[in-house]
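Novice: please find the sequence and the predicted model below.
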Amino acid sequence: MILITGSAGLVGRELMDRLTAAGQAVRGVDLATTAASAGAELARGDLLDPAACRRACEGITAVIHTAARQYHSGLPKWGRERFFAANADMTRNLAGAAAAAGVKQFVMVSSDMVYGLPPGRPLTERDEPHPIGPYGRSKLASERICAEARSPGLRVTILRPRLIIGPGRLGVLKRLFDRIRLGQRVPILGPGGQRYQMVSVSDVADACILAAQNPCDETLNLGSADPPAVRDLLADLIRRAGSRSRLLSLPRRMARAALWSLHAVRMAPLVPEQFRIADVDYVLDTARAGQALGWRPQLTDADMLWSAYQTYVRSN
């Protein structure tokens with residue numbers, strides 16, 4: 001049986017549906033309550049409680065750990081470091097419970113945010129992580145806990161996806177989609193030649209399943225293939241949406257200064273961890289995931305962004 005943590009979340013739901021449809025025995029655990037996929041076990045549990053982690057791991061052969069506190073509309077304005085530190089606490093409890101229960105394979109969905117600012121070329125798994133915000137630091141701490149849990153009996157695969165796109169998650173995209181739907185100008189930092197890679201939830205789920213089926217002690221990047229420049233990506237979305245919106249290029253220094261000022265009073269539309277990488281080329285090299293797992297991304301950035309926009313329109 002496979003345990004999916006964060007089973008009510010974007011990646012967790014995709015995994016629950018995919019695995020149960022394939023006839024795999026699955027147990028999901030989450031703080032939120034949601035309808036269970038046919039044939040799946042579903043439990044409400046808090047991974048900050050070691051006892052809940054021990055119960056969740058009973059009879060489990062593989063764990064796919066997708067649960068995490070993330071950036072969302074309910075994020076506290078103060079105490080963000082403490083808020084995100086819970087990610088490492090959850091991972092420590094779960095990894096300990098998995099090892100004690102004799103789990104054979106542990107897959108952790110981490111984040112590209114562990115890298116921090118890119119070096120001007122695609123990032124590889126060999127690049128030293130230097131996270132620039134509390135979420136990235138919490139994910140790096142979680143990765144280190146997972147690495148320490150590796151043993152001859154427990155294989156651990158760590159996945160680092162770029163921005164995950166899929167039905168039901170908007171996040172930073174909501175403001176963009178609002179402006180396009182209303183035909184308003186869409187601001188971009190700088191001329192827009194930078195690439196901002198994404199990855200579809202279905203492609204992330206593929207990688208998780210492959211990692212659970214093919215145990216390997218690896219850390220692997222996940223992202224789309226050949227991401228376009230931001231201005232081309234957004235222009236394509238505006239065209240497909242039939243919107244009157246136009247791109248508005250903002251001077252980088254002025255825009256950054258304004259965002260830092262707004263952040264100081266907790267009114268910025270993005271946190272520094274997000275806007276500090278908004279005007280730079282941010283791409284992950286995913287070759288190693290192909291070599292280790294046989295994984296290949298199936299969706300382009302343009303298609304996944306268009307699909308997300310269509311879902312947004314239907315829900316508004």
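Specialist: That came in fine, so what should we check first?
Novice: from here on, contacts and neighbour counts on C-alpha atoms
Specialist: OK.
Novice: checking residue 159 next. Helix, strand or coil?
Specialist: Secondary structure, DSSP: H, G, I helix; E, B strand; the rest coil: residue 159 is strand.
Novice: likewise for residue 15?
Specialist: helix.
Novice: name the element residue 27 belongs to?
Specialist: strand 26-30 (DSSP states H and E).
Novice: that strand pairs with which strands?
Specialist: strand 2-5 (parallel), strand 41-44 (parallel) (DSSP bridges).
Novice: would you double-check that residue 147 falls in a helix?
Specialist: Yes. Under three-state DSSP, residue 147 falls within a helix.
Novice: what's the burial count for it?
Specialist: 18 (other C-alpha atoms under 10 Å).
Novice: and if you look at the one 5 residues further on?
Specialist: Taking other C-alpha under 10 Å as the criterion, the count of residues near residue 152 is 6.
Novice: quick one: pLDDT of it?
Specialist: pLDDT, residue 152: 90.
Novice: same question for residue 74.
Specialist: pLDDT, read off for residue 74, is 62.
Novice: how about the one 3 residues further on?
Specialist: Residue 77 is assigned a pLDDT of 66 by the prediction.
Novice: what's the answer for residue 138, then?
Specialist: pLDDT, residue 138: 96.
Novice: can you tell me the SS state at it?
Specialist: When classified by three-state DSSP, residue 138 comes out as helix.
Novice: my guess is it meets residue 84, correct?
Specialist: Yes. Using C-alpha atoms under 8 Å, residue 138 is in contact with residue 84, at 5.9 Å.
Novice: what about these two, which has more around it?
Specialist: Higher neighbour count among residue 138 and residue 84: residue 138, with 27 against 22, using other C-alpha under 10 Å.
Novice: show me what contacts residue 114?
Specialist: Applying C-alpha atoms under 8 Å, 6 or more residues apart in numbering to residue 114 gives the contacts 129-132, 136-137, 139-140.
Novice: pull out the buried residues from stretch 88-107.
Specialist: Counting neighbours by 16 or more other C-alpha atoms under 10 Å, one finds that the buried residues in stretch 88-107 are 88-99, 101-107.
Novice: and whichever strand or helix holds residue 239, what's buried?
Specialist: Assessed by DSSP H and E, residue 239 sits inside helix 230-241. Neighbour-count burial for helix 230-241, counted by 16+ other C-alpha under 10 Å, picks out 230-238, 241.
Novice: stretch 301-316 too?
Specialist: 301-302, 304-309, 311-312.
Novice: what mean pLDDT does that stretch have?
Specialist: pLDDT averaged over stretch 301-316 gives 92.
Novice: mind checking how far that stretch is from the chain centre?
Specialist: Distance of stretch 301-316 from its chain centroid, counting by C-alpha atoms, centre = their mean, to the nearest Å, is 17 Å.
Novice: same check, this time on stretch 256-268
Specialist: 24 Å.
Novice: let me see the mean pLDDT of that stretch.
Specialist: On average, stretch 256-268 scores 80.
Novice: only C-alpha atoms, please: export it in CSV.
Specialist: In CSV, the C-alpha atoms belonging to stretch 256-268 read as follows (Å, rounded to 0.1, in the frame of the first residue of the first chain):
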residue,chain,number,x,y,z
ARG,A,256,11.7,46.0,-7.3
ALA,A,257,12.0,49.1,-5.1
ALA,A,258,8.3,49.4,-5.1
LEU,A,259,7.8,45.8,-4.2
TRP,A,260,10.3,46.0,-1.4
SER,A,261,8.5,49.0,0.0
LEU,A,262,5.2,47.3,-0.2
HIS,A,263,6.7,44.2,1.5
ALA,A,264,7.9,46.3,4.4
VAL,A,265,4.3,47.1,5.3
ARG,A,266,3.1,43.6,4.3
MET,A,267,1.1,44.8,1.3
ALA,A,268,3.1,43.4,-1.6
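Novice: contacts for that stretch, please.
Specialist: Contacts for stretch 256-268 (C-alpha under 8 Å, 6+ apart): 77, 269-272, 275-276.
Novice: pLDDT score assigned to the residue of the chain most remote from its centre?
Specialist: Largest separation from the mean C-alpha position in the chain: residue 244, at 30.9 Å (C-alpha atoms, centre = their mean). Note on residue 244: pLDDT of 97.
Novice: returning to what we had before: mean confidence score for the strand holding residue 27?
Specialist: The model assigns strand 26-30 a mean pLDDT of 94.
Novice: do stretch 208-228 as well
Specialist: 95.
Novice: in it, what counts as buried?
Specialist: 208-212, 215-225, 227-228.
Novice: and the end-to-end length of that stretch?
Specialist: 25 Å (C-alpha to C-alpha, to the nearest Å).
Novice: stretch 42-54 now?
Specialist: Where stretch 42-54 begins and where it ends lie 15 Å apart, using C-alpha to C-alpha.
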